[in-house]
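1. Quick one, fold the following:
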Amino acid sequence: MRILATSRQHLGLSHGFERLIVVAPLDPAGSGAELFIERAGAVSPAFDARAWRQAVVEICRHLDGVPLAIELAAARTTSLTPADIAGRLDDHLRLLAKGRRAGAERHRTLRAAVQWSYDLLGPSARRLFQRLSVFVGPFDLATAETVAADPEIPAAEVGDLLSDLAERSMLVVEPDPFSGRFRLLETMRQFAAGELAKSGSADQVAGRHARWCLGQATRIQRLLAGPDEIEGAARLDELWPSYRAAFEWACAVGDRHLAYALVRPVVVEIVRRGRTEIGDWVEHVLAMTPTGETELILFGLSWAAQRYKLAQDPGGYERLAGRYGEPDHPLAHHARAAVYQDFAGLARWAAPAISWLRQRGEDDLAEQFEIDVGAALLFSGQVREGDATVAALVDRYRGHGPPTLLHLSLILLGYSSSVQGRPDRADQLFAEAAAVQVPERTQSPGRSIEARTAFGRGQRSRAFRILSSYIDELIGTGNMQAICVTCVEFVNMMVQADRLQDAALMLGHLDKTAPYWATQVAEARRTIAAARIAPDHEPGGLDDHQALEHMRRVLDQLAADRSQA
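-> Residues are numbered from 1 along each chain as shown. Below is the predicted model of the structure:
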């Protein structure tokens, strides 16, 4: 005889009479969404599954694919739309406190289901479960021992308690590229956090967690600054949810020094991977900083400037500088020059800013500004000096990394060769840059160069799709600084595709926002002029977002036309 039983933990039968089959969470976009749609249709006959599909998938993702949670959320469609439900999932337990599900009392609300499991735990397991709620993301045994152990939970017992929680399905064990990891499903984490708050130990545990996060970030910083940058970026992605929680706690308790310490190791990611959230953090630190703490203000202005440079938003930087003042310091002058793409100012202030950083041992920050020197020289017409500066950086980064700066330096040399009328050399450098492996989401004009290469090989439809995809990325990250290279490729493609009005419109935008790229579109300009088409035929022109959206529409239309031809 065989008996199939569902349970949150094994029955403990001996002699091999019990076989465990772990039931994984439902796929949010697959079986999870189908369960939601089925249950929602049962309570709301007018429920439009097709219209709400995206919101339903988002709900199931937030609920970690837990069937009971999905069923209870679906029951709320009698009074809330899926979009309303998705917007209220920061507190799963309150939103799903009322259900219309038959069965045992412990299955009628999500809180009751979790409470029933929690009540079965011993005192030490309950205490550990509470303390684990500070981890928004995954953690390993050593981390749990560091953060969650205390005199009542000796570190030696943490491993056994974690196993007990996992066996009771209150903790999940998941694969990880680096080592074994545990994770609390969000519903469990929210419940545990509530119990931790009741215990009065929340700030004590959060402080230990924040200091642990800082230690992790310090190790990640060393990886990001060297040849192992890809690993560093992957580890930061894994840490990010808990890291965000640590920073928010530091701000909540008003500890500006801890908040700064958490921002400092990862601040280069504003530029390298477009983590604009770190830009928000920088401004939070500034808001907590007294007027007299000049070095903290310099740090804040310098890295907020990198964010406003990417967004091409000098007005945002001016408002920030107006609130906190600009010290008479190379870093502050460099920040202003960066925001305004003032190449003469960058050439003047980058060297003393870099020297000041290196004297303080902040070499990773100095490296991020080194490339500004070469770019400033190249774009201000000092090609020989710029090439020599960037070539020296290429040699340095080949041996010591990080790969992102090697990749970008090679691209910069490639553009320089292109400007000098050496297309073969430019193609060689671009190909070398493309061969450098960089972390995912690295901000680079590499996709626009890839589109150029495809177009030159006659693969026009592919080139249009690549450039359109790159524009999607720029809009998604708010990286308006890269619109210049996008305009260059678009203008040259449109001239050859006989779309001269579209080419002229974007040529006008390029002349307005980045005139130093003029040599890259010289032939296209002659063709447009010969056709007597005005470079800018819209009153006032387009802003950066409008320009990107216009280019994307045209590229998508051309790609579709060619696929149907």
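2. continuing past the least confident helix or strand in the chain by mean pLDDT, what's the next helix or strand?
-> Ranked by mean pLDDT, DSSP states H and E, the weakest helix or strand in the chain is helix 92-95, scoring a mean of 59. Sequence-wise, the next helix or strand downstream of helix 92-95 (DSSP states H and E) is helix 110-119.
3. mean confidence for that next one?
-> The predicted model gives helix 110-119 an average pLDDT of 80.
4. Buried residues of it, list them for me.
-> 110, 111, 113, 114, 117, 118 (16 or more other C-beta atoms under 10 Å). Using the backbone N, CA and C atoms, a C-beta is placed for each residue, glycine as well.
5. so how far is the next helix or strand after that helix from its chain's centroid?
-> Scanning forward in sequence from helix 110-119 by DSSP H and E, the next helix or strand is helix 123-131. Centroid separation for helix 123-131 versus its chain: 32 Å, with C-alpha atoms, centre = their mean, to the nearest Å.
6. One more: stretch 25-32?
-> 24 Å.
7. start to end distance for it?
-> Stretch 25-32 has an end-to-end distance of 8 Å (C-alpha to C-alpha, to the nearest Å).
8. Would you map out the domains in the chain?
-> 31-111, 121-253, 267-361, 362-434, 458-564 (automatic domain parsing).
9. Centroid-nearest residue for this protein?
-> residue 275 (4.8 Å; C-alpha atoms, centre = their mean).
10. okay, that residue: pLDDT?
-> pLDDT for residue 275: 92.
11. what's the closest of the buried residues of helix 110-119 to residue 315?
-> For the buried residues of helix 110-119, the residue nearest residue 315 by C-beta to C-beta is residue 110; the value is 45.8 Å.
12. picking that back up, tabulate the buried residues of helix 110-119 (JSON lines), appending distance to residue 439.
-> As requested, the buried residues of helix 110-119 are exported to JSON lines (distance: C-beta to C-beta, whole Å):
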{"residue": "110", "distance to residue 439": "37"}
{"residue": "111", "distance to residue 439": "40"}
{"residue": "113", "distance to residue 439": "40"}
{"residue": "114", "distance to residue 439": "37"}
{"residue": "117", "distance to residue 439": "39"}
{"residue": "118", "distance to residue 439": "39"}
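13. Okay, buried residues for stretch 236-243 please.
-> Here stretch 236-243 shows 236, 238, 239, 242, 243 as buried, counting by 16+ other C-beta under 10 Å.
14. Next: stretch 76-85.
-> Using 16+ other C-beta under 10 Å as the test for burial, stretch 76-85 gives 76, 77, 81, 82, 85.
15. What of stretch 500-513?
-> 500, 502, 503, 504, 505, 506, 507, 508, 509, 510, 511, 513.
16. And these, which is closest to residue 354?
-> Closest approach between the buried residues of stretch 500-513 and residue 354, by C-beta to C-beta: residue 513, at 27.0 Å.
17. for the closest one, what are its contacts?
-> For residue 513, the contacting residues are 312, 483, 484, 487, 544, by C-beta atoms under 8 Å, 6 or more residues apart in numbering.
18. Cross those against helices and list the overlap.
-> Taking DSSP state H as the definition of helices, the contacts of residue 513 contribute 483, 484, 487, 544.
19. Just name the closest of the residues you listed to residue 325, please.
-> So of these, ranked by how close each gets to residue 325 (C-beta to C-beta), first place is residue 544, at 28.5 Å.
20. How much space separates the closest one from residue 444?
-> 18 Å (C-beta to C-beta, to the nearest Å).
21. now swap in residue 84 and tell me
-> Using C-beta to C-beta, we find residue 84 at a distance of 39 Å from residue 444.
22. try residue 409
-> In terms of C-beta to C-beta, residue 409 sits 11 Å off from residue 444.
23. Also residue 269?
-> Here the criterion is C-beta to C-beta. By it, residue 269 lies 14 Å from residue 444.
24. Likewise for residue 253?
-> 38 Å.
25. more neighbours, these two?
-> Using other C-beta atoms under 10 Å as the criterion, residue 253 and residue 444 rank with residue 444 on top: 21 against 13.
26. rewinding a little: not counting sequence-adjacent ones, nearest residue to the residue nearest to the centre of the chain?
-> Nearest residue to residue 275 in three dimensions, chain neighbours excluded: residue 269, at 4.3 Å (C-beta to C-beta, 6 or more residues apart in numbering).
27. how far away is the one you found from residue 142?
-> 25 Å.
28. Over to residue 308?
-> Counting by C-beta to C-beta - residue 308 and residue 142 are separated by 40 Å.
29. can you give me phi and psi for residue 395?
-> phi -60, psi -40 (degrees, to the nearest 10).
30. pLDDT score assigned to it?
-> Value for residue 395, per-residue pLDDT: 95.
31. so can I have TSV of the ones in helices among the contacts of residue 513 showing pLDDT, neighbour count and distance to residue 422?
-> Formatted as TSV, these follow (pLDDT from 0 to 100; neighbours: other C-beta atoms under 10 Å; distance: C-beta to C-beta, whole Å):
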residue	pLDDT	neighbour count	distance to residue 422
483	93	23	25
484	93	22	20
487	96	28	22
544	93	22	30
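32. Save those residues as a markdown table, and put in distance to residue 187 too.
-> Output for these, formatted as a markdown table (distance: C-beta to C-beta, whole Å):
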| residue | distance to residue 187 |
| --- | --- |
| 483 | 42 |
| 484 | 46 |
| 487 | 47 |
| 544 | 41 |
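33. Which single one of the residues you listed is nearest to residue 358?
-> Distances from residue 358 to the ones in helices among the contacts of residue 513, taken by C-beta to C-beta, are shortest for residue 484, at 30.0 Å.
34. The closest one against residue 515, yeah?
-> No - taking C-beta atoms under 8 Å as the definition, residue 484 is not a contact partner of residue 515, at 9.6 Å.
35. got the contact list for stretch 351-371?
-> With C-beta under 8 Å, 6+ apart, stretch 351-371 has contacts from 221, 224-225, 267-268, 271-272, 302, 329-331, 333-334, 350, 373, 390, 393, 402, 405, 408-409, 412.
36. so of those residues, which ones are in helices?
-> Residues of the contacts of stretch 351-371 located in helices (DSSP H): 221, 224, 271-272, 302, 330-331, 333-334, 350, 373, 390, 393, 405, 408-409, 412.
37. What's the PyMOL line that selects buried ones from these?
-> Filtering the ones in helices among the contacts of stretch 351-371 down to the buried ones (16+ other C-beta under 10 Å) takes a single PyMOL command:
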select buried, resi 221+224+271+272+302+330+331+333+334+350+373+390+393+405+408+409+412
